[in-house]
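>>> sequence-free structure coming up:
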């Protein structure tokens, strides 16, 4: 699969919490650093996502702001 997204962050799934419609997927991208994604329950089931899986968080944004 080829993607145009440049912001691919590799990590491992730390936790998957499935609700009625959506699921929360917590991806550890570095020790103590997590990215949280809300995706559909159907996507979790279709992809077979589970704790320990190696995945990539794909971040698509039209702007990224920096604060100091």
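That came through, no problem. In this text, all values refer to a predicted model and were calculated from it rather than measured experimentally.
>>> would you list every one of the helices in this protein?
41-47 (DSSP state H).
>>> what about it, any weak spots by pLDDT?
For the chain, not a single residue meets the criterion pLDDT under 70.
>>> can you list contacts of stretch 35-52?
Stretch 35-52 has contacts (CB atoms under 8 Å, 6 or more residues apart in numbering) with 9, 11-16, 18-27, 29, 55, 57, 59. Using the backbone N, CA and C atoms, a C-beta is placed for each residue, glycine as well.
>>> Which residues belonging to the top strand by length along the chain are considered buried?
As assigned by DSSP state E, the longest strand anywhere in the chain is strand 7-18. Of the residues in strand 7-18, 11, 13, 16 count as buried by neighbour count, 16 or more other CB atoms under 10 Å.
>>> other SSEs contacting that strand?
strand 22-30, strand 33-40, helix 41-47, strand 54-59 (3 or more CB pairs under 8 Å, 6 or more residues apart in numbering; DSSP states H and E).
>>> of all those, which lies closest to residue 2?
The closest of these to residue 2 is strand 54-59. By CB to CB, the value is 12.3 Å.
>>> tell me the angle of that closest one relative to strand 33-40?
If you take axes from the mean of the first three to the mean of the last three CA atoms, to 10 degrees, strand 54-59 sits at 80 degrees to strand 33-40.
>>> now the residue of the chain most remote from its centre: how far from residue 30?
No residue in the chain sits farther from the centre than residue 68, which is 25.7 Å out by CA atoms, centre = their mean. Counting by CB to CB, to the nearest Å, the separation of residue 68 from residue 30 is 21 Å.
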